[in-house]
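>>> model the structure of this input:
(4 chains)
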Number of protein chains: 2
Amino acid sequence: MKTRDKILLTSLDLFNERGERNTTTNHIAAHLGISPGNLYYHFRNKSDIIYEIFQEYEKLVDYYLEIPQDRPLGLDDMMFYLESVFDGLWSYRFLHRDLEFLLGNDARLREDYRQFTGRCLASIKQIFSGLTDGGLFEAQADELKDAMSLNVWLVITNWMAFLKTAHAGDSTDSITKDQLKQGIFQVLTLEMPYLRDAYREEVMSIRERYRPELIGTGDEDSVLSGFSRMR
Amino acid sequence: MKTRDKILLTSLDLFNERGERNTTTNHIAAHLGISPGNLYYHFRNKSDIIYEIFQEYEKLVDYYLEIPQDRPLGLDDMMFYLESVFDGLWSYRFLHRDLEFLLGNDARLREDYRQFTGRCLASIKQIFSGLTDGGLFEAQADELKDAMSLNVWLVITNWMAFLKTAHAGDSTDSITKDQLKQGIFQVLTLEMPYLRDAYREEVMSIRERYRPELIGTGDEDSVLSGFSRMR
DNA sequence: CTATTATTAGAGTATATACTCTAGGGAGTC
DNA sequence: GACTCCCTAGAGTATATACTCTAATAATAG
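Sure thing, here's the model as predicted:
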């Protein structure tokens, strides 16, 4: 594998594990067993590494959110969208974690991310429409779809930050992919009231599969105690 | 005013304006017209300043979320809670912006914030219950209240991050308090399906008062275009 | 007034970290 | 061998920033 690609992969790994802010370029180079000079031969600066990783993420999510035009959407589609989006979120979780700072330091990234958000919101709304056509949801006013889509976006993008908050442990990255996916439970909660009766029961039982377990030390001290009890 | 208090106030201002990560202790001292030595006479380190500010925030929000035990809650109460919480969010907005890093660097803060989150979630749930008793909402299963409360929390705490994202401008703090309060629109959207019919119309008209305007340059390039059109 | 304590100034330091610079190795081509 | 091009090493630098140290000054108490 080319050094350039190795740098990207290792950077992503380290960013995800320790956060971008705690990952230096020297650290990346050391972890790869290459010299700082070598790293800077392949990338002008740290921002360029981050930006390139972001573009990968963008492509991935755009791909995940593609919408078939030839048919309405069904429950399977919805779950596939959710699983995919949370997968992407997991693979590039450092982005949402350090977003504020990253956007503040790179105008390109800021503008790209803004447009990316716009595309995601539009896709979510289209998915809603598709699912409504497919009979999953009751028909809703257009403005409500907007507001709902935005809420879905807020829940999805903030779920990991919440997990880290709720987690008692030290600062090491101890969130698991499974825990992340429990965000799907929250999204389904959001959508529940709009389900057609015919689907309600089925969705509810799918939702149960994602119900968050107790988080943290596993005892009564957890933030989620009394919120999401284990079955 | 005591130097110590001036340091806290100025720090809060600078943190809110430029972010904690971009505000150095030397900068704080310079802004106050005092020496770094003086600042460090009053605070052992930067973390201590942040921690003390956080404790103020904690107290404020805990106070806002107090729940009257002698009566059920009404629509006025709900709006008061929302307005208050978003006020607090505004005054200490740097906290939620740089939370990841702050928690990662201070174990005290991490643990306190975890418990704070727990208290907030419990309060939100109690408010729901109070409002249900007051006839505003249909009765709901307990686990649903948990999940709903969590979603409300996610939307509230993530709203500002979203605003900054959606905002096209440069990295300076250009979000206004009014824009922040438009998060109330999103929270009310979340609650709508659970309203009793008797209150639906009234809440909907209150909700309209918070409807987000187009954000950003004010033209068709906005992230929110096609989502939240102006009336 | 004097002794003590609280506060302040301001130069200075230790450390971290993004990034640079020079020298050179290796592989292909003539 | 010599030339070229891509890649790499690694010491080094410029800068930022949290924090320290000493000495001086104000405030207070006896």
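>>> make it CA atoms for all contacts and neighbour counts henceforth
OK.
>>> with adjacent residues omitted, what lies nearest to A:Arg4?
A:His42 (6.0 Å; CA to CA, 6 or more residues apart in numbering or on different chains).
>>> which residues in chain A form helices?
Assignment of helices within chain A using DSSP state H yields the ranges A:3-18, A:25-32, A:36-42, A:46-64, A:75-91, A:93-97, A:99-105, A:107-133, A:142-166, A:177-181, A:183-191, A:197-208.
>>> lowest-confidence stretch among these?
Here these differ in mean pLDDT, and the lowest is helix A:99-105 at a mean of 90.
>>> can you put the helices of chain A in JSON lines and add mean neighbour count and distance to DNA strand C?
JSON lines is the format used below for the helices of chain A (neighbours: other CA atoms under 10 Å in any protein chain shown; distance: least, CA to the nearest atom of the strand, whole Å):
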{"stretch": "helix A:3-18", "mean neighbour count": "17", "distance to DNA strand C": "11"}
{"stretch": "helix A:25-32", "mean neighbour count": "16", "distance to DNA strand C": "4"}
{"stretch": "helix A:36-42", "mean neighbour count": "14", "distance to DNA strand C": "4"}
{"stretch": "helix A:46-64", "mean neighbour count": "16", "distance to DNA strand C": "4"}
{"stretch": "helix A:75-91", "mean neighbour count": "17", "distance to DNA strand C": "21"}
{"stretch": "helix A:93-97", "mean neighbour count": "21", "distance to DNA strand C": "15"}
{"stretch": "helix A:99-105", "mean neighbour count": "19", "distance to DNA strand C": "10"}
{"stretch": "helix A:107-133", "mean neighbour count": "20", "distance to DNA strand C": "14"}
{"stretch": "helix A:142-166", "mean neighbour count": "22", "distance to DNA strand C": "21"}
{"stretch": "helix A:177-181", "mean neighbour count": "18", "distance to DNA strand C": "27"}
{"stretch": "helix A:183-191", "mean neighbour count": "21", "distance to DNA strand C": "31"}
{"stretch": "helix A:197-208", "mean neighbour count": "14", "distance to DNA strand C": "41"}
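>>> distance to B:Val203 added to the ones you listed, as a markdown table?
A markdown table is the format used below for the helices of chain A (distance: least, CA to CA, whole Å):
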| stretch | distance to B:Val203 |
| --- | --- |
| helix A:3-18 | 42 |
| helix A:25-32 | 52 |
| helix A:36-42 | 57 |
| helix A:46-64 | 36 |
| helix A:75-91 | 30 |
| helix A:93-97 | 33 |
| helix A:99-105 | 33 |
| helix A:107-133 | 24 |
| helix A:142-166 | 14 |
| helix A:177-181 | 33 |
| helix A:183-191 | 19 |
| helix A:197-208 | 25 |
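>>> tell me which of the ones you listed lies nearest to B:Gln179.
helix A:142-166 (15.0 Å; CA to CA).
>>> show me chain A divided up by domain.
Split into domains by automatic domain parsing, chain A comes to A:1-43, A:45-208.
>>> is it possible to export those to JSON lines including distance to DNA strand D?
Below are the domains of chain A laid out as JSON lines (distance: least, CA to the nearest atom of the strand, whole Å):
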{"stretch": "domain A:1-43", "distance to DNA strand D": "3"}
{"stretch": "domain A:45-208", "distance to DNA strand D": "12"}
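>>> out of those, which is closest to B:Leu103?
Closest among those, using CA to CA: domain A:45-208, at 7.7 Å.
>>> how far away is the residue nearest to A:Arg4 from A:Leu12?
16 Å (CA to CA, to the nearest Å).
>>> what of A:Asp48?
Taken as CA to CA, the span from A:Asp48 to A:Leu12 is 13 Å.
>>> overlap in contacts of these two?
Here A:Asp48 and A:Leu12 have no joint contacts, going by CA atoms under 8 Å, 6 or more residues apart in numbering or on different chains.
>>> let me see the contact set for the residue nearest the centre of chain A.
The residue lying closest to the centre of chain A (CA atoms, centre = their mean) is A:Leu89, at 2.8 Å. A:Leu89 makes contact with no residue, according to CA under 8 Å, 6+ apart.
>>> JSON lines please, covering the domains of chain A and showing distance to B:Arg108.
Output for the domains of chain A, formatted as JSON lines (distance: least, CA to CA, whole Å):
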{"stretch": "domain A:1-43", "distance to B:Arg108": "19"}
{"stretch": "domain A:45-208", "distance to B:Arg108": "11"}
